[in-house]
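1. Dropping the sequence and predicted coords here.
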Amino acid sequence: DAGVIQSPRHEVTEMGQEVTLRCKPISGHDYLFWYRQTMMRGLELLIYFNNNVPIDDSGMPEDRFSAKMPNASFSTLKIQPSEPRDSAVYFCASSPNRGASRGYGYTFGSGTRLTVV
Amino acid sequence: ELKVEQNPLFLSMQEGKNYTIYCNYSTTSDRLYWYRQDPGKSLESLFVLLSNGAVKQEGRLMASLDTKARLSTLHITAAVHDLSATYFCAVEGGTGNQFYFGTGTSLTVIP
């Protein structure tokens, strides 16, 4: 398996523009997580899905952020409009179902480094 | 919400020395994970600890878990430069598959 695949690796955009980050989880993994990492706040869980259904989006900072998972192999995180304070590294991670996950942990993607100027 | 605290946040140590990173968490859990992150890279799984008293070792790193004290340690033996990275502990909790990550410990090993 190629692991968790994220795109793009780097994104530079102007304030006010829409940004879409993409993630392909490992095949067969039922859980998908979106994290944001900054120096100031560390790793923050934004939202996670189970079987394509959003379970907890309490970490989404505000209405400018939205996430979807239209099928088991694809998820997007969208920021509209983007602001400089959204600059961070965004990680996607996946894991098997809870019963099978004991001892498995998460597999993280390579991340998307977002810079909003 | 489950809180996870790591200390120290920053650690600079000389090659050949020993040191321990601590991970405390606020509520009952018997599943704890350690990850390593190199600068500009993703998080890589190091250890999975699934029960009280669990101990895992890989090379110069050894992790342990005391669920009664809600404490995990990552012990570094005879540090080498290649171990320079940020180390995160994560505790599995809640009703979902959520992990709660510590703040990370940035380790720099000086020749």
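-> That came in fine, so what should we check first? Because the structure is a prediction, the values reported are computed rather than measured. Numbers count the residues shown, from 1 in each chain, chains lettered A, B, ... in the order given.
2. any idea which element the spatially most central residue of chain A lies in?
-> Chain A has residue A:34 as the residue nearest its centroid, 2.8 Å off, counting by C-alpha atoms, centre = their mean. In this structure, residue A:34 is located in strand A:31-38 according to DSSP states H and E.
3. Could you give the backbone dihedrals for residue B:81?
-> phi -60, psi -30 (degrees, to the nearest 10).
4. meant to ask about residue B:83, not that
-> Torsion angles, degrees, to the nearest 10, at residue B:83: phi -80, psi -10.
5. Go ahead and confirm it touches residue B:74.
-> No - with contacts counted by C-beta atoms under 8 Å, residue B:83 stays clear of residue B:74, the gap being 10.6 Å. To be clear about C-beta, it is placed using only N, CA and C from the backbone, and glycine gets the same treatment.
6. Which one's more surrounded, the two?
-> Neighbour comparison, residue B:83 and residue B:74: the larger count goes to residue B:74, with 24 against 19 (by other C-beta atoms under 10 Å in any protein chain shown).
7. can you count the residues close to the residue lying closest to the more buried one once chain neighbours are set aside?
-> In this structure, residue B:74 finds its nearest non-sequential neighbour in residue B:21, 4.4 Å apart by C-beta to C-beta, 6 or more residues apart in numbering or on different chains. Neighbourhood size, residue B:21 [other C-beta under 10 Å]: 24.
8. where's residue B:21, which helix or strand?
-> Judged by DSSP H and E, residue B:21 forms part of strand B:19-25.
9. what residues does chain A put near chain B?
-> A:31, A:33, A:42-43, A:45, A:48, A:50, A:55-56, A:91, A:93, A:95, A:97-98, A:101-111 (C-beta under 8 Å from any C-beta of the partner chain).
10. per-residue confidence at residue 69?
-> Since you didn't name a chain, this refers to chain A. On the pLDDT scale, residue A:69 is placed at 98.
11. Actually, chain B is the one I wanted.
-> 93.
12. Could you report the separation of it from residue A:62?
-> Separation of residue B:69 from residue A:62 (C-beta to C-beta, to the nearest Å): 38 Å.
13. Now tell me what touches the helix or strand bottoming out on mean pLDDT in chain B from outside.
-> Here the helix or strand of chain B ranked lowest by mean pLDDT, DSSP states H and E is strand B:99-101, holding a mean of 88. Contact with strand B:99-101 is made by A:33, A:42-43, A:45, A:105-106, B:1-4, B:25, B:33, B:88-94, as judged by C-beta atoms under 8 Å, 6 or more residues apart in numbering or on different chains.
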